[in-house]
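Structure for the following, please:
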Amino acid sequence: MSAVDTPRGRQPRPEPTPDVPAPPAWRAKLVTFARRAWIMELGVYQSIYRFVFRRPRVPAGASAFRYHSPVLTLLVIFIVLSAIEIPIVDLIVHRWVWVRIPLLLLGIWGVTWMLGLLFGYLTRPHAVGPAGIRVRQGAELDLDLPWDVVESVERSPHRVEKAPAVVDEPGGRTFAARIAGETNVLIRLEHPLDVRLPQGRDRIEAVRLWTDDLDGFLTAVRAHIP
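Predicted structure coming up:
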């Protein structure tokens with residue numbers, strides 16, 4: 001017999017369950033932002049390591065296709081200007097150590113981050129191989145598309161300024177890995193695919209990407225899906 005008896009023939013009254021409020025939208029956005037920032041920060045140093053030791057992330061037997069040409073000039077200009085800025089700022093605030101040291105560290109971090117961003121593009125190219133297509137965008141995106149989920153791959157020049165990464169198109173919900181607002185390849189999927197994107201999990205039916213070598217990319221695809 002338990003400490004509290006229940007009269008025979010009567011069911012115990014369930015205790016009220018307090019409503020658990022859903023987490024505020026701003027908190028979910030903050031968590032997503034923090035996660036992306038952490039992944040990008042780690043990716044910067046991993047990309048520098050891969051570049052220095054010549055270890056590009058390309059699956060065995062796959063062909064690599066770069067995508068950085070539309071932004072290469074801009075990145076190089078930012079890196080050079082940021083590097084020049086460090087000694088100039090240091091000279092200006094040299095007498096104030098409490099200002100000089102933080103600005104010096106911030107400047108070095110900024111140049112390192114920009115180098116890591118560039119090296120992420122160089123060491124993490126798109127890949128087409130026996131296992132499928134890997135869609136990359138620096139250290140932040142590595143989307144695996146096995147051949148059994150790929151319906152078709154086609155030439156599809158497309159340019160959109162300041163648009164979300166995932167949009168609803170006539171062919172279905174589409175994720176676009178844009179470079180300078182451009183894509184030139186459209187990959188249609190056999191069925192909706194639940195994937196993890198930099199913005200969080202989503203369900204997509206097509207993928208757009210940019211490659212510097214469009215003809216070579218399509219030729220590599222035709223070797224697997226004629």
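
now the strands for the chain?
Ranges of strands in the chain, per DSSP state E, are 63-65, 126-129, 132-137, 141-146, 150-159, 166-169, 172-177, 182-197, 200-209.

Switch those strands over to JSON lines; also include mean pLDDT, distance to residue 82 and mean neighbour count.
The way it works is simple: take the backbone N, C-alpha and C, and place the C-beta from them, glycine included. Listed next are the strands of the chain as JSON lines, based on pLDDT from 0 to 100; distance: least, C-beta to C-beta, whole Å; neighbours: other C-beta atoms under 10 Å:
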{"stretch": "strand 63-65", "mean pLDDT": "97", "distance to residue 82": "28", "mean neighbour count": "20"}
{"stretch": "strand 126-129", "mean pLDDT": "97", "distance to residue 82": "28", "mean neighbour count": "24"}
{"stretch": "strand 132-137", "mean pLDDT": "96", "distance to residue 82": "22", "mean neighbour count": "22"}
{"stretch": "strand 141-146", "mean pLDDT": "95", "distance to residue 82": "24", "mean neighbour count": "16"}
{"stretch": "strand 150-159", "mean pLDDT": "95", "distance to residue 82": "28", "mean neighbour count": "14"}
{"stretch": "strand 166-169", "mean pLDDT": "93", "distance to residue 82": "32", "mean neighbour count": "13"}
{"stretch": "strand 172-177", "mean pLDDT": "95", "distance to residue 82": "26", "mean neighbour count": "20"}
{"stretch": "strand 182-197", "mean pLDDT": "95", "distance to residue 82": "25", "mean neighbour count": "17"}
{"stretch": "strand 200-209", "mean pLDDT": "94", "distance to residue 82": "28", "mean neighbour count": "18"}
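
how about CSV for the ones you listed, with distance to residue 224 added?
Below are these laid out as CSV (distance: least, C-beta to C-beta, whole Å):
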stretch, distance to residue 224
strand 63-65, 11
strand 126-129, 7
strand 132-137, 8
strand 141-146, 11
strand 150-159, 9
strand 166-169, 25
strand 172-177, 20
strand 182-197, 13
strand 200-209, 16
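
Residue 73 is nearest to which of those strands?
Nearest to residue 73 among those is strand 182-197 (14.6 Å), distances taken as C-beta to C-beta.

How far does that closest one sit from its chain's centre?
Relative to its chain's centre, strand 182-197 lies at 14 Å (C-alpha atoms, centre = their mean, to the nearest Å).
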